[in-house]
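[1] Have a look at this fold, sequence not included:
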């Protein structure tokens, strides 16, 4: 892979798709000025996050004019954005589209919908059912939308499918003020999570968080790119909109994987066999949550 | 007891400052407003919110108003003025005595605070008259009323519904009193205000801690363990909180839940406001 990737750390307007669509165009213009290959937006970048009953109102079909308008921009630059997907059978998904060369190349529907604490996604969204890595002309990518990334199995599935980079669009409500250092507690967890996933899955991890407040809830930015060593190599500002462009390379992947060949020794078949045993074990039936 | 129970919650003051200033700025400006009005009691909470407000909106956009009653402690007015002067914003005084006295004249049982019930009712009248004046002043300058109730007060219900608890937005409602003190020191609230024993100043000589029966440090430590750490009664006793203290605070928190919620609405349709008609307040901004 060789990809000059742009993180678009935006501040969407809550429930105003037309304004957010306009803003996406402006961000894409800026990405093109920076000669980026690929523009990545945050989770629900076309709609904002605390949607509640707006969810069905702001939802868009994959062939809607708004989605098509952005997909058309991918003739000039590969891009990925978040929105509420209205399916043919009237389900609503927290989805992400990857578009390239003027067509939709991949859609990821968020699998892990948080519905605890401040979160209400389980109430409004239908869940996706897979983590599928996809090929683009800039490399092999896998999406983890926000909470997807907190379940380590999700990233591991992309790892097994040979992802060069995990793309992690986020709308993370920042919280935790009783903490040392420069990050809110929830943000600190994100930094640790992405560093660990990059290092131990030997992939690039690109986390694109949003900024701004909704109903008193801060989304604190600090988007970042972790190299396959775990190290942060590019980072966006907290609290403000920011554009960060960085070149993801194949050579960095190679260095990490030569040094410690974790993927070669992943023993995926062993895991598959043991998963089947665990899933069928009556003694563990209370522990295995099969949807 | 206080020597053995946990310490009150701490606060990363630099982060709190940034998050709260950003909050005031965003939640004011996104609806096309630029100005704020807040009532200055001479206490630490309003002094802190004022410091945050001037940093968020600029001192020229913040109006601090003291609203004394003729029996209020003169020190309250003095410290309110000192707080406003320290923050560098406009300060004005609205005397609520004629308003309150006009009402009390019609209700002679409130003419003085001889009984506890009368004192409480008078206190609530003062608080709601202040709210009336603040909301009117906010309309005059096309601004928002900033709230000054901290999390400890809100949990205990130690405030007047539709009175001092009323505001458009509140930057410190998720900070315990001990965190309010730490942030106030950081932001340079005058020490005379920080060191003054907290008081609702509803009658002469009143202090919060005497009225509540416990120190704020002990209450904060308990509330933090109950709310943030979700500890049950047995776990709280194991931390050396006495069962009487736990039960009393728990009952207060529970009984005052109504003050923290909008009024109950009788449900008759399929989409009742706030139950199953659910939208964020920042909808469309």
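    Great, that's in hand. Small disclaimer: the values here were computed from a predicted structure and weren't measured. Numbering: from 1, shown residues only, chains lettered A, B, ... in the order given.
[2] What parts of the stretch 151-291 of chain A come near chain B?
    Contact residues, the stretch 151-291 of chain A versus chain B (CB under 8 Å from any CB of the partner chain): A:174, A:177-184, A:212-216, A:218, A:220, A:238-239. Just so you know, the C-beta spots here come from the backbone N, C-alpha and C atoms, and that holds for glycine as well.
[3] repeat that with 10 Å
    A:174-185, A:187, A:211-218, A:220, A:238-240 (CB under 10 Å from any CB of the partner chain).
[4] and the nearest residue to residue A:86 once chain neighbours are set aside, what does it touch?
    Distances taken as CB to CB, 6 or more residues apart in numbering or on different chains place residue A:59 nearest to residue A:86, at 3.7 Å, with adjacent residues excluded. Residue A:59 makes contacts with A:17, A:47, A:51, A:83-87, A:90-93, A:95, A:124-125, as judged by CB atoms under 10 Å, 6 or more residues apart in numbering or on different chains.
[5] for residue B:228, same thing?
    Each residue near residue B:228 by CB under 10 Å, 6+ apart is listed here: A:176, A:178, B:9, B:151, B:176.
[6] The first one - that's part of a helix, no?
    Think residue A:176. No. Counting by DSSP: H, G, I helix; E, B strand; the rest coil, residue A:176 is not part of a helix but coil.
[7] Tell me the pLDDT of the residue lying closest to it once chain neighbours are set aside.
    When the adjacent residues along the chain are set aside, residue A:176 lies closest to residue A:185, with 2.3 Å between them (CB to CB, 6+ apart). We have a pLDDT of 96 for residue A:185.
[8] count of neighbours near residue A:185?
    16 (other CB atoms under 10 Å in any protein chain shown).
[9] I figured it hits residue A:173, correct?
    No. Between residue A:185 and residue A:173 there is no contact under CB atoms under 10 Å: 11.7 Å.
[10] Would you map the helices across chain A?
    A:17-33, A:55-58, A:65-73, A:121-124, A:147-150, A:152-160, A:185-201, A:250-259, A:268-280 (DSSP state H).
[11] Next, format those helices as JSON lines and append distance to residue A:10.
    Converted to JSON lines, these look like this (distance: least, CB to CB, whole Å):
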{"stretch": "helix A:17-33", "distance to residue A:10": "6"}
{"stretch": "helix A:55-58", "distance to residue A:10": "16"}
{"stretch": "helix A:65-73", "distance to residue A:10": "13"}
{"stretch": "helix A:121-124", "distance to residue A:10": "20"}
{"stretch": "helix A:147-150", "distance to residue A:10": "19"}
{"stretch": "helix A:152-160", "distance to residue A:10": "24"}
{"stretch": "helix A:185-201", "distance to residue A:10": "17"}
{"stretch": "helix A:250-259", "distance to residue A:10": "27"}
{"stretch": "helix A:268-280", "distance to residue A:10": "37"}
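[12] Please name whichever of those helices is nearest to residue B:33.
    helix A:17-33 (19.3 Å; CB to CB).
[13] which other helices and strands contact that closest one?
    For helix A:17-33, the packing partners by 3 or more CB pairs under 10 Å, 6 or more residues apart in numbering or on different chains; DSSP states H and E come out as strand A:2-9, strand A:38-40, helix A:55-58, helix A:65-73, strand A:78-86, strand A:242-249.
[14] ok, back up a step: and the contacts of residue A:59, which of them are buried?
    For the contacts of residue A:59, a neighbour count by 16 or more other CB atoms under 10 Å in any protein chain shown gives the buried set as A:17, A:47, A:51, A:83, A:84, A:85, A:86, A:92, A:93, A:95, A:124, A:125.
[15] Quickly note the distance from the closest residue to residue A:165 other than its chain neighbours to residue A:234.
    Closest residue in space to residue A:165, ignoring its immediate chain neighbours: residue A:204 at 3.7 Å, by CB to CB, 6+ apart. Going from residue A:204 to residue A:234 by CB to CB, to the nearest Å gives 10 Å.
[16] ok, now residue A:115?
    33 Å.
[17] mind listing the strands for chain B?
    B:35-40, B:62-66, B:90-93, B:143-145 (DSSP state E).
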